[in-house]
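Novice: Return atomic coordinates for the entry below.
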Amino acid sequence: MKRLVYLAPVPLNSPSQRPHHFVHWAHERLGCEVWWIEPYPVRLPRIGDMRRLRPQARNACHDLGPAWRDSSWLHVQSARSLPLEPLPCGAQLLAWMQRPLREQLHALLEQEDTWLAVGRPSGLALALCAARQGQRVLYDVMDDMPQFSQGLSRRWMGRTHETLLAQAQVVWGSSARIIETLAERTRQPAALVRNGTVLVPELAPGADSDRDGVGSAVHAQAPLVLGYVGTIAAWFDWQALRQLALALPQAHIHLYGPLECTPPAVLPANVQLRGPVPHSRVFSLMRSWHAGLIPFVHNTLTQSVDPVKYYEYRACGLPVLTTLFGEMPHHAAEDDGVWPLETLLSEGLEERLRNWHRQQALLHAQCLPLAPASLQTATWADRFEAGARVCGWV
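Specialist: Below you'll find the predicted structure:
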């Protein structure tokens, strides 16, 4: 593969996620050029979408993109659109509006060394996939996408999703639950390509303890800080967060990320909304915490999620305080650094956190890694290398 056309599910300038790591890996490992096609609205608008149109909301994510966003190997393009695709004539209208871009992408995909990767269902994805009869098409299923929509939009999204599953040459699923749901709906069995992480250089054996971060004696005794990085949307469990905040009133709870839902009118005094942070700051920020948070509700959408945050928190040597949604029961069974909020006793929690970080300081003093051994084979490179073998890229 020399070229990759990637129909991204998230904007390039958004918090670091699987799509960013995938295209960077594709360039680093395979040497290919990447055409990153920004997502456009694929459901009918809702009242809550007005939040995204506010200037402050658009500007908040302007500087969140990866360090390589201006690289010569990356070509970023946007498709003209209106949020009407699920309507009877919506797809035809968008096809007309997007004609110049579609013609350019069709020409690219005619070349035998070019693949199409689809990050979410859309009319553009359908058209490009159908033109190739699914050949050299990868559909990376990262979520139960129809669950992000309602009514007519959900039905249209479901049909589009099914068509892509049936046509694409290769289908990846990011969690065991997703793979289960895809059985007998794809041309060949879908491949499990889990989420992963990058290994944090500062936490390598023998590295400097970064003065007062995770792994230092100073950090083990510092005021408790619990943190979350990521989009804050309808799946965020405010009640679970409130219970934790009240159980640890002396702890500082910091939430970083785009706010796509309305938070409770009154939050506990120790909870702070701090806005998005760029890719380059994420790991250094996490290293200043005492635990990473993943408080998500249990619903149809989250039951198929394997959160990237789990891997990132653990790569920093942090315990993870989480609800048991999606793949988290699997991680809780395998990793003693996963502490379920549903069963976590408030009494003694601070001392448990202190003990954890005293142990991390001892590990670092002995030149031992702070991240669990399982993460050594859970890097993004490991994940995508396995998936690439299914595609025949390596």
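
Novice: where does the stretch 101-250 of the chain dip in pLDDT?
Specialist: 201-211 (pLDDT under 70).

Novice: So which residues of it form strands?
Specialist: Listed in chain order, the strands of the stretch 101-250 of the chain (DSSP state E, counting those that start in this stretch) span 114-118, 137-141, 170-173, 191-192, 225-229.

Novice: could you dump those strands to CSV with mean neighbour count and distance to L164?
Specialist: Backbone N, C-alpha and C define where each C-beta goes, glycine included. Output for the strands of the stretch 101-250 of the chain, formatted as CSV (neighbours: other Cβ atoms under 10 Å; distance: least, Cβ to Cβ, whole Å):
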stretch, mean neighbour count, distance to L164
strand 114-118, 25, 6
strand 137-141, 26, 5
strand 170-173, 25, 8
strand 191-192, 20, 15
strand 225-229, 22, 30
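
Novice: Any idea which of those gets closest to A291?
Specialist: Among those, the nearest to A291 by Cβ to Cβ is strand 225-229 (4.8 Å).

Novice: List the buried residues of the helix or strand where P329 lies.
Specialist: P329 is part of helix 328-334, with elements assigned from DSSP states H and E. For helix 328-334, burial by neighbour count (16 or more other Cβ atoms under 10 Å) applies to M328, H331, A332.

Novice: what does stretch 297-313 give?
Specialist: So, applying 16+ other Cβ under 10 Å, buried residues of stretch 297-313: 301-313.

Novice: ok so, going back, restricting to C-alpha, output the helix holding P329 in PDB.
Specialist: Extracted in PDB, the C-alpha atoms of helix 328-334 (Å, rounded to 0.1, in the frame of the first residue of the first chain):
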ATOM      1  CA  MET A 328     -14.000  -3.000  31.300                       C
ATOM      2  CA  PRO A 329     -15.100  -6.200  33.100                       C
ATOM      3  CA  HIS A 330     -12.600  -8.100  31.000                       C
ATOM      4  CA  HIS A 331      -9.800  -5.600  32.000                       C
ATOM      5  CA  ALA A 332     -10.900  -5.700  35.700                       C
ATOM      6  CA  ALA A 333     -10.600  -9.500  35.700                       C
ATOM      7  CA  GLU A 334      -7.100  -9.400  34.200                       C
END
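
Novice: strands paired with the next helix or strand after it, and their directions?
Specialist: Going down the chain from helix 328-334, the next helix or strand is strand 338-340, by DSSP H and E. Taking DSSP bridges as the criterion, strand 338-340 sits next to strand 320-322 (parallel) in its sheet.

Novice: Give me the buried positions along the strand it pairs with.
Specialist: V320, L321, T322.

Novice: Find me whatever residue is spatially closest to the last one, sequence neighbours aside.
Specialist: What it means is T322. I294 (4.0 Å; Cβ to Cβ, 6 or more residues apart in numbering).

Novice: Surely the one you found is in contact with L321?
Specialist: Yes. I294 is in contact with L321 according to Cβ atoms under 8 Å; the separation is 7.5 Å.

Novice: quick one: contacts of stretch 293-301?
Specialist: With contact meaning Cβ atoms under 8 Å, 6 or more residues apart in numbering, stretch 293-301 is reached by 143-144, 147-148, 226-228, 235-238, 240-241, 244, 253, 255, 302, 305, 307, 309-310, 313, 320-326, 328, 341.

Novice: cutoff 7 Å now
Specialist: 144, 147-148, 226-228, 235-237, 240-241, 302, 307, 309-310, 320-323, 325, 341 (Cβ atoms under 7 Å, 6 or more residues apart in numbering).

Novice: that older thread, please produce JSON lines containing the buried residues of helix 328-334, extended by pLDDT and distance to L370.
Specialist: Output for those, formatted as JSON lines (pLDDT from 0 to 100; distance: Cβ to Cβ, whole Å):
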{"residue": "M328", "pLDDT": "96", "distance to L370": "21"}
{"residue": "H331", "pLDDT": "95", "distance to L370": "17"}
{"residue": "A332", "pLDDT": "95", "distance to L370": "19"}
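
Novice: Need the residues you listed in a markdown table (columns: distance to A130).
Specialist: Shown next, in a markdown table, are the buried residues of helix 328-334 (distance: Cβ to Cβ, whole Å):
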| residue | distance to A130 |
| --- | --- |
| M328 | 37 |
| H331 | 38 |
| A332 | 42 |
